[in-house]
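> A structural model of the following input is requested.
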Amino acid sequence: MPGSWLRSITGRAGGASEQHRYAGLLAYRAVPAYDPRVDEEAPKSDLLVGNLPEYSVSEIAGALKRTVEAAFGQVRVRGELTGFKRHVSGHWYGAMKDERAVIDLVMFKGHAGTLTFRPEDGLEVIVTGKLTTFPGRSKYQITVERMEPAGVGALLAQIEARRLRLAAEGLFDADRKRALPYIPRVIGVVTSPTGAVIRDILHRLADRFPRHVLVWPVAVQGEAAAGQVAAAVRGFNAIPRGGAIPRPDLLIVARGGGSIEDLAAFNAEIVVRAVAESRIPVISAVGHETDTTLIDFASDWRAPTPTAAAERAVPVLADLRAAVTTVGPRLARAAARLVAQRRERAEATARRRPPPRTLLGLPIQRADELFDRLRRGLRASASFWRG
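So this is what the prediction gives:
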């Protein structure tokens with residue numbers, strides 16, 4: 001009879017757990033529709049409405065949430081990121097997809113801080129987290145605790161695609177490169193304020209040619225690194241000339257070696273554009289000699305190591321002093337030879353000229369002749385008028 005299968009589906013009202021009640025609803029939806037010919041005395045609406053327990057929206061949503069979380073727990077899922085963006089709160093929201101489905105993702109600020117690369121749309125990743133529901137919007141999602149690229153190959157392919165796109169815009173063209181100053185007055189360094197990199201740069205500069213150095217401290221790894229590095233490059237460019245803070249003549253952007261994931265910030269488009277747009281010449285010094293990042297294509301000079309960047313930034317002061325000591329006497333001797341040569345030329349020219357009396361003889365004679373003629377003419381005129 002209909003009454004018996006309805007009761008078996010819904011359970012005992014008030015005695016079943018929320019999860020059991022929810023499972024009952026699923027079972028009820030799966031059975032055939034009520035046939036009034038079986039029990040004509042009981043109207044269909046009475047059986048469907050009167051015998052079903054009543055749920056609130058929150059109860060149904062809560063039952064769904066507990067059921068999904070209990071059934072799956074921790075999950076590890078591979079897919080392609082889409083619409084994955086950082087909120088002003090520091091949390092990340094978006095989705096991942098494959099050929100047939102899409103699932104929402106949320107990565108809260110605490111876990112986002114562990115990222116070793118910058119998530120971007122189109123990147124294939126593997127996420128680890130909890131499958132749950134978001135009752136406020138009636139959807140299910142993964143609360144991500146860990147995210148990693150789905151193999152180095154996927155990350156390299158993404159970087160190469162970005163390189164080709166930025167190159168097509170002309171960001172890496174040779175005519176954009178700026179000449180490095182021979183002896184910069186002020187050098188700006190964008191790197192971590194702690195660690196071997198900044199120590200090596202400062203030590204090498206002090207050894208070669210002490211200069212005024214401004215350090216803009218940034219994170220060089222993790223989710224926040226790309227934004228901080230780009231802001232530092234733009235910040236140095238924003239320093240006005242002649243202000244209280246000296247404006248750098250040269251920038252060094254540096255960090256030590258690491259994996260491709262560790263160096264992800266220096267492959268980020270925001271960093272590449274900041275370096276390409278810099279009005280101050282930039283030396284890139286990221287990783288070891290074998291490491292290459294996109295910032296190297298946009299910078300004005302690529303150093304294989306941070307130490308090499310310092311060596312390229314300034315000459316050796318001792319060498320310049322030695323050169324001055326050596327060149328000084330040579331310049332004096334060269335100047336003396338030049339003066340002697342000019343004197344000899346002047347004397348030779350003077351010897352080839354006729355003496356002044358020879359040059360002026362004819363003009364003087366001509367003047368005397370004209371004077372005599374004038375005098376004779378005046379006398380004749382005077383005699384004529386005296387009659």
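
> show me where the stretch 251-387 of the chain dips below the pLDDT cut-off.
Within the stretch 251-387 of the chain, the ranges that satisfy pLDDT under 70 run 356-359, 384-387.

> could you pull out the strands in it for me?
Using DSSP state E, counting those that start in this stretch, the strands of the stretch 251-387 of the chain run over 282-286, 301-302.

> buried deepest among those, which one?
strand 282-286 (a mean of 28; mean count of other Cβ atoms under 10 Å). To be clear about C-beta, it is placed using only N, CA and C from the backbone, and glycine gets the same treatment.

> who's in contact with that one?
With contacts defined as Cβ atoms under 8 Å, 6 or more residues apart in numbering, strand 282-286 is touched by 180, 233, 250-255, 263, 266, 275, 293, 295-296, 298-306, 308-309, 312-313.

> now these: which count as buried?
Among the contacts of strand 282-286, those classed as buried by 16 or more other Cβ atoms under 10 Å are 233, 250-255, 263, 266, 275, 293, 295-296, 298-306, 308-309, 312-313.

> span of stretch 306-325 from start to end?
31 Å (Cα to Cα, to the nearest Å).

> got the contact list for it?
180, 182-184, 187, 191, 197, 200-201, 204-205, 208-211, 250, 252, 254-256, 283-285, 301, 303.

> mind doing that once more with 7 Å?
Applying Cβ atoms under 7 Å, 6 or more residues apart in numbering, the external contacts of stretch 306-325 come out as 182-184, 187, 197, 200-201, 204-205, 208-209, 211, 250, 252, 254, 283, 285, 301, 303.

> show me what the helix or strand where Thr67 lies is packed up against.
Using DSSP states H and E, Thr67 sits within helix 57-72. Taking 3 or more Cβ pairs under 7 Å, 6 or more residues apart in numbering; DSSP states H and E as contact, the helices and strands that helix 57-72 lies on are helix 18-30, strand 124-134.

> which positions in that helix come out as buried?
Those would be Ile60, Ala61, Gly62, Ala63, Leu64, Arg66, Thr67, Val68, for helix 57-72 by 16+ other Cβ under 10 Å.

> averaged pLDDT, it. What do you get?
Helix 57-72 carries an average pLDDT of 86.

> show me what the next helix or strand after it is packed up against.
Downstream of helix 57-72, the first helix or strand assigned by DSSP H and E is strand 74-86. Secondary structure elements in contact with strand 74-86, counted by 3+ Cβ pairs under 7 Å, 6+ apart, are strand 92-97, strand 124-134.

> the ones you listed: lowest mean pLDDT?
strand 124-134 (a mean of 89).

> returning to what we had before: okay, angle between the helix holding Thr67 and strand 124-134 too, please.
Between the axes of helix 57-72 and strand 124-134, defined by axes from the mean of the first three to the mean of the last three Cα atoms, to 10 degrees, the angle is 140 degrees.

> restricting to C-alpha, output helix 57-72 in CSV.
Extracted as CSV, the C-alpha positions of helix 57-72 are listed here (Å, rounded to 0.1, in the frame of the first residue of the first chain):
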residue,chain,number,x,y,z
VAL,A,57,15.9,25.6,3.9
SER,A,58,18.8,25.6,6.4
GLU,A,59,18.1,22.0,7.5
ILE,A,60,18.3,20.8,3.9
ALA,A,61,21.4,22.9,3.2
GLY,A,62,23.0,21.6,6.4
ALA,A,63,22.2,18.0,5.6
LEU,A,64,23.7,18.4,2.1
LYS,A,65,26.9,19.9,3.6
ARG,A,66,27.3,17.1,6.2
THR,A,67,26.6,14.4,3.6
VAL,A,68,29.1,15.7,1.0
GLU,A,69,31.8,16.3,3.6
ALA,A,70,31.3,12.9,5.2
ALA,A,71,31.3,11.1,1.8
PHE,A,72,34.5,12.7,0.4
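
> how many neighbours does Gln341 have?
By other Cβ atoms under 10 Å, 10 other residues sit near Gln341.
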